[in-house]
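> sequence unknown, structure follows:
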(Lines give C-alpha, C1' and ligand atoms only; values in the text may rest on other atoms or scores of the structure.)
Protein backbone atom coordinates (compact mmCIF):
# COMPACT_ATOMS: atom_id res chain seq x y z
CA UNK A 1 0.00 0.00 0.00
CA UNK A 2 1.27 3.48 -0.85
CA UNK A 3 1.77 6.30 1.62
CA UNK A 4 -1.19 8.72 1.64
CA UNK A 5 -0.54 12.09 0.03
CA UNK A 6 -2.02 15.32 1.31
CA UNK A 7 -4.05 17.17 -1.32
CA UNK A 8 -5.55 20.64 -1.15
CA UNK A 9 -8.22 21.65 -3.64
CA UNK A 10 -11.41 23.66 -3.96
CA UNK A 11 -14.61 21.74 -4.58
CA UNK A 12 -17.64 23.83 -5.51
CA UNK A 13 -15.97 26.84 -3.90
CA UNK A 14 -15.02 25.11 -0.64
CA UNK A 15 -11.38 24.44 0.25
CA UNK A 16 -10.73 20.78 1.05
CA UNK A 17 -7.55 19.29 2.44
CA UNK A 18 -7.30 15.53 2.86
CA UNK A 19 -4.78 12.72 2.79
CA UNK A 20 -5.53 10.31 -0.06
CA UNK A 21 -4.16 7.12 -1.48
CA UNK A 22 -2.16 8.14 -4.59
CA UNK A 23 -4.18 5.65 -6.68
CA UNK A 24 -7.60 7.02 -5.68
CA UNK A 25 -9.59 8.33 -8.62
CA UNK A 26 -11.06 11.81 -8.36
CA UNK A 27 -14.63 10.55 -8.81
CA UNK A 28 -14.16 8.12 -5.91
CA UNK A 29 -12.68 10.91 -3.78
CA UNK A 30 -15.71 13.11 -4.48
CA UNK A 31 -18.21 10.33 -3.83
CA UNK A 32 -16.60 8.38 -1.00
CA UNK A 33 -14.50 10.97 0.82
CA UNK A 34 -16.73 14.02 0.35
CA UNK A 35 -20.12 12.30 0.05
CA UNK A 36 -20.98 13.96 -3.28
CA UNK A 37 -23.26 11.29 -4.71
CA UNK A 38 -24.42 13.47 -7.64
CA UNK A 39 -20.95 12.92 -9.09
CA UNK A 40 -21.69 9.58 -10.73
CA UNK A 41 -19.40 6.64 -11.30
CA UNK A 42 -20.43 4.64 -14.35
CA UNK A 43 -18.15 2.57 -16.54
CA UNK A 44 -14.93 3.61 -14.77
CA UNK A 45 -13.16 3.61 -18.16
CA UNK A 46 -13.93 7.18 -19.30
CA UNK A 47 -16.39 6.00 -21.92
CA UNK A 48 -19.88 6.73 -20.57
CA UNK A 49 -19.52 10.35 -19.38
CA UNK A 50 -21.49 9.83 -16.16
CA UNK A 51 -18.49 11.00 -14.11
CA UNK A 52 -18.09 14.28 -16.00
CA UNK A 53 -16.98 17.16 -13.77
CA UNK A 54 -15.13 20.44 -14.30
CA UNK A 55 -11.44 20.61 -13.44
CA UNK A 56 -10.17 24.20 -13.57
CA UNK A 57 -13.14 25.01 -15.81
CA UNK A 58 -12.64 22.19 -18.31
CA UNK A 59 -14.85 19.12 -18.42
CA UNK A 60 -13.02 15.90 -17.60
CA UNK A 61 -13.90 12.33 -16.78
CA UNK A 62 -13.50 12.01 -13.02
CA UNK A 63 -12.76 8.30 -13.33
CA UNK A 64 -9.66 9.02 -15.45
CA UNK A 65 -8.14 11.62 -13.11
CA UNK A 66 -6.40 10.70 -9.90
CA UNK A 67 -7.29 12.76 -6.85
CA UNK A 68 -3.61 13.70 -6.41
CA UNK A 69 -3.65 15.21 -9.92
CA UNK A 70 -6.32 17.65 -8.70
CA UNK A 71 -4.08 19.01 -5.94
CA UNK A 72 -4.19 22.81 -6.06
CA UNK A 73 -7.02 22.84 -8.59
CA UNK A 74 -10.66 23.93 -8.69
CA UNK A 75 -13.26 21.16 -9.02
CA UNK A 76 -16.87 21.78 -9.88
CA UNK A 77 -19.60 19.18 -9.84
CA UNK A 78 -23.18 19.49 -11.02
CA UNK A 79 -24.05 20.81 -7.55
CA UNK A 80 -21.76 23.82 -7.83
CA UNK A 81 -22.80 24.67 -11.38
CA UNK A 82 -26.47 24.23 -10.55
CA UNK A 83 -26.29 26.24 -7.33
CA UNK A 84 -24.62 29.10 -9.21
CA UNK A 85 -27.48 29.09 -11.74
CA UNK A 86 -25.57 28.76 -15.00
CA UNK A 87 -27.42 25.58 -15.92
CA UNK A 88 -30.89 26.97 -15.30
CA UNK A 89 -31.96 27.21 -18.96
CA UNK A 90 -30.47 23.78 -19.74
CA UNK A 91 -32.18 22.19 -16.75
CA UNK A 92 -35.51 23.74 -17.76
CA UNK A 93 -35.09 22.53 -21.35
CA UNK A 94 -34.17 19.00 -20.21
CA UNK A 95 -37.31 18.99 -18.10
CA UNK A 96 -39.54 20.45 -20.85
CA UNK A 97 -38.26 17.99 -23.48
CA UNK A 98 -38.26 14.98 -21.12
CA UNK A 99 -34.52 14.67 -21.75
CA UNK A 100 -33.97 12.98 -18.41
CA UNK A 101 -35.55 9.89 -17.07
CA UNK A 102 -33.68 7.83 -14.50
CA UNK A 103 -31.25 10.73 -13.91
CA UNK A 104 -28.07 8.68 -13.76
CA UNK A 105 -26.45 10.35 -16.78
CA UNK A 106 -28.03 13.76 -16.28
CA UNK A 107 -25.23 15.49 -14.34
CA UNK A 108 -22.65 14.49 -16.96
CA UNK A 109 -25.03 15.41 -19.78
CA UNK A 110 -25.70 18.86 -18.33
CA UNK A 111 -22.04 19.69 -17.73
CA UNK A 112 -21.11 18.49 -21.23
CA UNK A 113 -24.02 20.39 -22.78
CA UNK A 114 -22.94 23.50 -20.87
CA UNK A 115 -19.45 23.20 -22.36
CA UNK A 116 -20.97 22.78 -25.82
CA UNK A 117 -23.07 25.95 -25.38
CA UNK A 118 -19.95 27.87 -24.43
CA UNK A 119 -17.60 26.42 -27.07
CA UNK A 120 -20.00 26.09 -30.00
CA UNK A 121 -22.82 28.65 -29.68
CA UNK A 122 -23.63 28.24 -33.39
CA UNK A 123 -23.81 24.42 -33.30
CA UNK A 124 -26.45 22.70 -35.40
CA UNK A 125 -28.25 19.48 -34.44
CA UNK A 126 -25.58 17.27 -36.03
CA UNK A 127 -22.82 19.07 -34.13
CA UNK A 128 -24.82 18.68 -30.92
CA UNK A 129 -25.10 14.93 -31.56
CA UNK A 130 -21.37 14.66 -32.22
CA UNK A 131 -20.37 16.72 -29.16
CA UNK A 132 -22.65 14.76 -26.86
CA UNK A 133 -21.68 11.36 -28.30
CA UNK A 134 -19.29 10.65 -25.43
CA UNK A 135 -22.13 10.70 -22.90
CA UNK A 136 -24.29 7.61 -22.74
CA UNK A 137 -27.95 7.50 -21.83
CA UNK A 138 -29.82 4.24 -21.65
CA UNK A 139 -33.29 5.76 -21.24
CA UNK A 140 -34.05 8.60 -23.63
CA UNK A 141 -32.73 7.54 -27.01
CA UNK A 142 -30.93 10.92 -27.25
CA UNK A 143 -33.55 12.63 -29.44
CA UNK A 144 -34.98 14.53 -26.48
CA UNK A 145 -31.49 15.44 -25.24
CA UNK A 146 -30.57 16.88 -28.65
CA UNK A 147 -33.94 18.66 -28.76
CA UNK A 148 -33.34 20.26 -25.35
CA UNK A 149 -29.81 21.42 -26.15
CA UNK A 150 -30.83 22.68 -29.60
CA UNK A 151 -33.68 24.60 -28.01
CA UNK A 152 -31.31 26.34 -25.58
CA UNK A 153 -28.87 27.13 -28.41
CA UNK A 154 -31.70 28.66 -30.42
CA UNK A 155 -32.99 30.67 -27.43
CA UNK A 156 -29.53 31.99 -26.63
CA UNK A 157 -28.90 32.98 -30.23
CA UNK A 158 -32.26 34.77 -30.34
CA UNK A 159 -31.37 36.62 -27.14
CA UNK A 160 -27.84 37.37 -28.31
CA UNK A 161 -26.42 35.45 -25.33
CA UNK A 162 -24.71 32.67 -27.29
CA UNK A 163 -21.56 34.56 -28.17
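All right, it came through fine. Keep in mind it's a predicted model, so treat the numbers as computed, not measured. Numbering: from 1, shown residues only.
> avg pLDDT for the lengthiest helix in the chain?
Across the chain, the longest stretch assigned as helix under DSSP state H is helix 143-159. On average, the pLDDT along helix 143-159 is 96.
> and it, what's buried?
144-153 (16 or more other C-beta atoms under 10 Å). The way it works is simple: take the backbone N, C-alpha and C, and place the C-beta from them, glycine included.
> and the residues you listed as a markdown table, adding distance to residue 37?
Shown next, in a markdown table, are those (distance: C-beta to C-beta, whole Å):
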| residue | distance to residue 37 |
| --- | --- |
| 144 | 25 |
| 145 | 22 |
| 146 | 27 |
| 147 | 28 |
| 148 | 24 |
| 149 | 25 |
| 150 | 30 |
| 151 | 29 |
| 152 | 26 |
| 153 | 30 |
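> which one of the residues you listed is nearest to residue 49?
residue 145 (11.6 Å; C-beta to C-beta).
> tell me the helices and strands packed up against the helix or strand of the chain with the lowest mean pLDDT.
None of the helices or strands of the chain scores lower by mean pLDDT, DSSP states H and E than helix 78-84, at a mean of 92. Helix 78-84 sits against helix 106-119, with contacts defined as 3 or more C-beta pairs under 8 Å, 6 or more residues apart in numbering; DSSP states H and E.
> again, only this time at 10 Å
Packing contacts for helix 78-84, counted by 3 or more C-beta pairs under 10 Å, 6 or more residues apart in numbering; DSSP states H and E, involve strand 5-11, strand 52-55, strand 74-76, helix 88-96, helix 106-119.
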